[in-house]
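S.K.: the following block contains a protein sequence and its predicted model.
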Amino acid sequence: MSDDEGGEEYLFKVVIIGDSAVGKSNLLSRYARNEFHPHSKATIGVEFQTQSMEIDGKEVKAQIWDTAGQERFRAVTSAYYRGAVGALVVYDITRRTTFDSIGRWLDELKTHSDTSIVKMLVGNKSDLKNIRAVSVEEAKTLAETEGLFFMETSALNSTNVRQAFESVIKEIYGNMSRKVLNSDDAYKAELSGNRINLVKNGEDDPSSYQFFSCCSR
């Protein structure tokens, strides 16, 4: 995006977490590349995709991270969460155990991320409603109790996949915008490297910066 008036850019790090084989990688590939691989193997190595969208005339980029198979060993590291301002917490609606694990994943988020992180509970594989093991009502109740957004998705047929990611990204942007407004009118948002800074107008003194987030590559 050009640096014309109102052309600021923002980069948000979003993580996808949840038990193995709930469809995290397929959700990401469906959103980022509109692809679905029914026999995909567990992710090995760090994987992330960067997607762009426009909000209020500004380019907003989301760097979306997949757990890279670490969840199989219960060894998702603090580095994975570092700088994240959004999280999709995914379970498989046909496998009760993956829903029962949501509390553990939320505990990890509380341990490794800021309390202001935007969280969405995602019930994946909604195309398999005929063998559903977790009801919509139960998931909604958990989401309300834990302060999460909630959506059911299907990476197979694309249902709600884009909506889930974009809802999280828009909420992050809204939170950041409110933070800018609430700081006072003398602050503006700037992207410096991989970090979004709230910089006091007319001041270059780093001590005047308020750091909103840092998205590590």
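M.R.: That came through fine. Numbers count the residues shown, from 1 in each chain.

S.K.: pLDDT weak spots in the chain?
M.R.: Along the chain, segments meeting pLDDT under 70 span 1-8, 39-46, 68-76, 180-217.

S.K.: just the helices in the protein please.
M.R.: For the chain, the helices defined by DSSP state H occupy 24-33, 78-81, 96-100, 102-112, 136-146, 161-183.

S.K.: what's the closest of those helices to residue 57?
M.R.: helix 161-183 (11.8 Å; CB to CB). Heads up, the C-betas are built off the backbone N, CA and C, glycines and all.

S.K.: distance from the chain centre to the closest one, please.
M.R.: With CA atoms, centre = their mean, to the nearest Å as the basis, helix 161-183 stands 11 Å off its chain's centre.

S.K.: hey, C-alpha coordinates of that helix in CSV?
M.R.: Coordinates of each C-alpha in helix 161-183 appear next as CSV, following Å, rounded to 0.1, in the frame of the first residue of the first chain:
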residue,chain,number,x,y,z
VAL,A,161,-13.5,-19.7,7.8
ARG,A,162,-13.0,-16.2,6.4
GLN,A,163,-15.5,-14.8,8.8
ALA,A,164,-13.7,-16.3,11.8
PHE,A,165,-10.3,-14.9,10.9
GLU,A,166,-11.6,-11.5,9.8
SER,A,167,-13.7,-11.1,12.9
VAL,A,168,-10.6,-11.6,15.1
ILE,A,169,-8.6,-9.2,13.0
LYS,A,170,-11.3,-6.5,13.0
GLU,A,171,-11.7,-6.8,16.8
ILE,A,172,-7.9,-6.4,17.2
TYR,A,173,-7.9,-3.4,15.0
GLY,A,174,-10.9,-2.0,17.0
ASN,A,175,-9.1,-2.6,20.3
MET,A,176,-6.0,-0.8,19.0
SER,A,177,-8.1,2.1,17.7
ARG,A,178,-9.8,2.5,21.0
LYS,A,179,-6.4,2.4,22.8
VAL,A,180,-5.2,5.2,20.5
LEU,A,181,-8.3,7.3,21.2
ASN,A,182,-8.2,6.7,24.9
SER,A,183,-4.5,7.6,25.2
